[in-house]
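*Asks:* here is a sequence together with a model predicted from it:
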Amino acid sequence: MSYARVSKVRREVRAAFDNVEDWLCEVFGENRDELLAQLGSGEELKIAVAQRRRGMRFFAAGRARDRRMFASILFPMFQEDPHERNYREAVEDVLRVAGNSVQPKSRHKLSFDLGILYFTADKCGNMYGVVASDDFPMASTFRFLDEMLEVYEGIDIASALDKADESLWMEPQFRDDAFGVRGLAVAAWKKQARPGDGCSYDPMG
């Protein structure tokens with residue numbers, strides 16, 4: 001990501017904090033500091049800002065048969081997203097409930113509190129999902145997923161998962177990217193990313 005993009009995102013986040021603090025000062029006066037302390041040093045605001053950031057945020061993949069996840073990747077500009085665990089859990093929930101019924105290269109979407117989960121599957125019983133903001137085009141998301149299906153098509157996923165030592169799954173680096181595709185995933189993501197992705201938007205606008 002360019003320095004200009006990083007600076008723009010930082011300015012936007014700082015502006016969000018400044019606007020809230022100005023409002024608190026105007027409404028609550030001398031009680032502003034006490035209220036800020038009750039807000040947990042801004043953690044709630046960080047979560048709210050992250051929830052409004054536009055773009056494809058997260059990619060995950062797993063095997064339906066045993067619900068073994070073999071990819072869990074936050075994209076650039078979303079590396080500090082506090083919702084990462086929730087994104088992963090959304091994919092895991094679909095994998096558990098409906099993973100075996102997702103047909104190869106079928107297209108599905110599921111709205112939830114943090115955005116939209118798009119998902120598909122390959123012919124070997126593996127499911128692939130992306131979490132994106134409400135305003136991100138579905139067609140772009142599935143172009144990304146189609147490219148990732150091609151990436152994994154050349155990997156013997158079943159054999160690798162079956163033979164992997166259990167101790168490997170205790171290592172976050174392996175658990176989150178078992179087949180070392182992060183670079184390819186980011187490259188595919190960049191093809192679909194839009195100007196302004198990573199910045200906040202008004203979901204009601």
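*Replies:* Perfect, I can see it now.

*Asks:* centroid-nearest residue for this structure?
*Replies:* Taking C-alpha atoms, centre = their mean, the centroid of the chain lies closest to F58, which sits 2.2 Å from it.

*Asks:* SS state for it?
*Replies:* strand (DSSP: H, G, I helix; E, B strand; the rest coil).

*Asks:* check contacts around it.
*Replies:* Contact partners of F58, counting by C-beta atoms under 8 Å, 6 or more residues apart in numbering, are 72-75, 78, 81, 84, 87-88, 130-131. In this view, the C-beta of every residue, glycine as well, is placed from N, C-alpha and C.

*Asks:* roughly how far does it sit from N100?
*Replies:* From F58 across to N100, the span is 23 Å (C-beta to C-beta, to the nearest Å).

*Asks:* quickly list what the residue nearest to the centre of the chain is bridged to.
*Replies:* L74, V131 (DSSP bridges).

*Asks:* check what pLDDT it gets.
*Replies:* On pLDDT, F58 comes in at 97.

*Asks:* give me the distance between it and P104.
*Replies:* For F58, the distance to P104 - C-beta to C-beta - is 22 Å.

*Asks:* go on, A139?
*Replies:* For A139, the distance to P104 equals 19 Å [C-beta to C-beta].

*Asks:* Three-state assignment for the closest residue to H108 other than its chain neighbours, please.
*Replies:* The shortest distance from H108 to any non-neighbouring residue, by C-beta to C-beta, 6 or more residues apart in numbering, is to F119 (5.2 Å). The local conformation at F119, judged by three-state DSSP, is strand.

*Asks:* OK, contacts around F119?
*Replies:* 91, 94, 102, 108-110, 127-130, 145.

*Asks:* highest neighbour count among the residues you listed?
*Replies:* When neighbours are counted by other C-beta atoms under 10 Å, V130 leads the contacts of F119 with 31 neighbours.

*Asks:* separation between A90 and E171?
*Replies:* 23 Å.

*Asks:* and these two? Which one has more around it.
*Replies:* Of the pair A90 and E171, A90 is the one with more neighbours under other C-beta under 10 Å, namely 23 against 10.

*Asks:* and the pLDDT for A139?
*Replies:* The score at A139 is 97. That number is its pLDDT.

*Asks:* report the distance from the helix or strand containing it to the chain centre.
*Replies:* Assigned by DSSP states H and E, A139 falls within helix 138-153. Computed by C-alpha atoms, centre = their mean, to the nearest Å, the chain-centroid distance of helix 138-153 equals 15 Å.

*Asks:* likewise for stretch 104-117?
*Replies:* 12 Å.

*Asks:* can you list contacts of that stretch?
*Replies:* 51, 57, 83, 86-87, 90-91, 94, 102, 118-123, 129-134, 136, 138, 142, 146, 149.
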